[in-house]
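Undergrad: heads up, no residue letters with this:
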């Protein structure tokens with residue numbers, strides 16, 4: 001999601017100015033057409049602009065970019081698709097959009113093109129094919145090429161963990177060495193240990209986690225606990241049958257555990273935090289731990305204040321029932337209303353190339369290609385590469401139904417009301433969510 005949904009929220013004009021996109025184009029435009037690629041305004045978009053210069057040099061097709069801050073990304077581009085707009089020739093759309101875009105005829109189905117060009121989905125990590133490309137899920141119907149792999153992971157203040165006073169005090173309190181948490185219980189211990197502690201004369205806090213209400217934030221956060229406690233969206237043997245899966249006793253415990261972490265161990269004013277707030281909290285030295293998408297980790301590693309030797313990375317720890325993490329990331333699709341579909345498909349073919357995918361990773365994008373991720377050298381190619389690879393092997397995604405926006409809004413409200421606003425119990429929140437989702441699916445004509 002996200003993402004996923006998902007620097008961060010910078011003004012669109014500032015991004016365009018910084019990247020030289022929009023009015024300015026390449027000399028190659030005089031020789032051929034120009035296509036527009038639509039995405040969110042964030043660090044990976046900068047990397048894609050740089051990467052795409054090779055496409056223009058090779059094809060003679062100019063590139064324009066329409067990048068919108070994450071806070072407006074969904075509204076802007078879903079409105080564009082729903083209005084049959086032709087602004088975007090290519091769109092890197094959120095994974096949850098795939099169902100609606102496919103069923104509403106907004107994306108070009110790519111099966112015939114893939115077959116013609118020898119592009120095989122077997123060459124991409126399975127989770128990314130299901131998450132970013134397929135509709136219906138787990139069927140060979142492709143509406144996008146996996147473009148930007150992503151998942152929720154964690155950063156920690158490695159330098160704080162290494163302090164002798166911290167090591168001594170932590171062992172005295174918990175009877176073990178402080179280190180990367182392997183379980184959610186261990187993560188809470190670490191967050192509680194740092195909450196209110198003084199580091200170099202400054203009061204610090206335990207963890208920055210997702211609590212945002214307005215878009216998708218708290219859902220993208222709490223999922224990392226719910227999955228680990230045994231939550232499932234529906235009965236694996238009976239689609240859309242949610243009773244006892246969404247609101248199981250273990251799922252309730254997972255929601256309670258997320259609320260406990262929020263209440264015990266987050267900074268003041270953390271009631272509406274998402275990606276940018278997490279980055280701010282970590283970069284300003286407020287917190288020992290931060291939940292965020294891997295897409296931001298290259299920038300954090302380069303940060304002069306908290307990067308380099310001061311930062312460490314780890315995957316979402318295990319819970320009592322499983323170890324999983326929330327999928328982020330997106331696929332790249334050809335918009336069916338585009339007047340430049342042939343050129344857009346040319347871009348898809350170019351982007352799928354092995355050398356291009358390697359360069360994409362090197363520039364700061366997250367390739368989904370097995371040729372990149374399964375290379376023996378990949379785990380050592382970046383300080384967070386091993387953790388990213390592990391995470392992409394245990395991702396779970398939110399509903400990708402055409403009604404995903406209503407499904408998401410329902411969870412946002414139910415979970416935020418319980419975790420942040422202290423309304424009702426966890427059981428009531430999840431029971432209410434089942435009720436909401438049943439009503440949405442009933443309206444869609446789903447049987448359960």
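TA: The structure has been received and is ready for your questions. Computed from a predicted structure; not experimentally measured.

Undergrad: Surely residue 36 forms part of a strand?
TA: Yes. Residue assignment for residue 36, taken from DSSP: H, G, I helix; E, B strand; the rest coil, places it within a strand.

Undergrad: So what's the residue count around it?
TA: 21 (other CB atoms under 10 Å). C-beta coordinates here come from the backbone N, C-alpha and C atoms, glycine included.

Undergrad: isn't it right next to residue 65, touching?
TA: Yes. Checked against CB atoms under 8 Å, the pair residue 36 and residue 65 is within contact range at 7.1 Å.

Undergrad: Ignoring the adjacent residues along the chain, who's closest to residue 113?
TA: The shortest distance from residue 113 to any non-neighbouring residue, by CB to CB, 6 or more residues apart in numbering, is to residue 345 (5.7 Å).

Undergrad: and residue 91, what does it touch?
TA: Under the criterion of CB atoms under 8 Å, 6 or more residues apart in numbering, the contact partners of residue 91 comprise 37, 38, 39, 77, 81, 332, 333, 335.

Undergrad: The same query, at a cut-off of 10 Å, please.
TA: Contact criterion CB atoms under 10 Å, 6 or more residues apart in numbering gives 36-39, 66, 77, 80-81, 97, 101, 106-107, 144, 330-335, 338, 344 as the residues in contact with residue 91.

Undergrad: Tell me what it is bridged to.
TA: residue 38, residue 333 (DSSP bridges).

Undergrad: so how far is residue 150 from it?
TA: From residue 91 over to residue 150 the distance is 16 Å, taken as CB to CB, to the nearest Å.

Undergrad: In this model residue 177 seems to touch residue 186, though I could be wrong.
TA: No. At 11.1 Å, residue 186 and residue 177 do not qualify as touching, with contact defined as CB atoms under 10 Å.

Undergrad: helix or strand for the residue positioned nearest the centre of the chain, which one?
TA: The chain has residue 328 as the residue nearest its centroid, 2.4 Å off, counting by CA atoms, centre = their mean. Element membership for residue 328, per DSSP states H and E: strand 325-334.

Undergrad: continuing past that strand, what's the next helix or strand?
TA: Moving toward the C-terminus from strand 325-334, the next element (DSSP H and E) is helix 341-351.

Undergrad: what's in contact with the helix or strand hosting residue 168?
TA: Mapping residue 168 onto the secondary structure by DSSP H and E places it in helix 164-174. Contacts of helix 164-174 from elsewhere in the structure, counted by CB under 10 Å, 6+ apart, are 157, 159-161, 163, 176-179, 186, 189-190, 192-194, 197, 199, 288.

Undergrad: can you pull the buried residues of it?
TA: Residues of helix 164-174 classed as buried by neighbour count (16 or more other CB atoms under 10 Å): 166, 170.

Undergrad: State the mean pLDDT of that helix.
TA: Per-residue confidence for helix 164-174 averages out to 98 on the pLDDT scale.

Undergrad: now the angle between helix 164-174 and the helix or strand that that helix is followed by, please.
TA: Read in the C-terminal direction, the helix or strand following helix 164-174 is helix 184-194, with elements assigned using DSSP H and E. Per axes from the mean of the first three to the mean of the last three CA atoms, to 10 degrees, the angle that helix 184-194 makes with helix 164-174 is 120 degrees.

Undergrad: for the chain, what spans make up the strands?
TA: 34-40, 62-68, 90-94, 145-157, 198-199, 202-203, 205-208, 287-293, 311-315, 325-334, 395-396 (DSSP state E).

Undergrad: need those in TSV with distance to residue 224 and mean pLDDT, can you?
TA: Compiled in TSV, these are given as follows (distance: least, CB to CB, whole Å; pLDDT from 0 to 100):
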stretch	distance to residue 224	mean pLDDT
strand 34-40	21	98
strand 62-68	26	98
strand 90-94	18	97
strand 145-157	6	98
strand 198-199	26	98
strand 202-203	27	98
strand 205-208	12	98
strand 287-293	7	98
strand 311-315	10	98
strand 325-334	5	97
strand 395-396	9	96
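
Undergrad: so which of those gets nearest residue 367?
TA: Comparison of these against residue 367 by CB to CB identifies strand 145-157 as nearest, at 6.6 Å.

Undergrad: Note down every partner strand of the closest one and its orientation.
TA: In the sheet containing strand 145-157, its partner strands are strand 287-293 (antiparallel), strand 311-315 (antiparallel), strand 325-334 (antiparallel), by DSSP bridges.

Undergrad: Could you dump those strands into CSV with distance to residue 228 added?
TA: Compiled in CSV, these are given as follows (distance: least, CB to CB, whole Å):
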stretch, distance to residue 228
strand 287-293, 13
strand 311-315, 11
strand 325-334, 9
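
Undergrad: for residue 154, what are its contacts?
TA: Going by CB under 10 Å, 6+ apart, residue 154 touches 180-181, 187, 207-209, 224, 289-292, 294, 297, 312-317, 325, 387, 391.

Undergrad: let's see 6 Å
TA: Taking CB atoms under 6 Å, 6 or more residues apart in numbering as the criterion, residue 154 is in contact with 291, 314.

Undergrad: I'd like to know how far it sits from residue 255.
TA: Distance of residue 154 to residue 255, given as CB to CB: 19 Å.

Undergrad: try residue 57
TA: As for residue 57, its distance to residue 255 is 51 Å (criterion: CB to CB).

Undergrad: More neighbours: the two, which one.
TA: Of the pair residue 57 and residue 255, residue 255 is the one with more neighbours under other CB under 10 Å, namely 25 against 10.

Undergrad: Quick check: the closest residue to the more buried one other than its chain neighbours vs residue 194, distance?
TA: Once flanking residues are discounted, residue 255 sits nearest to residue 426: 4.1 Å by CB to CB, 6+ apart. Distance from residue 426 to residue 194, counting by CB to CB: 25 Å.
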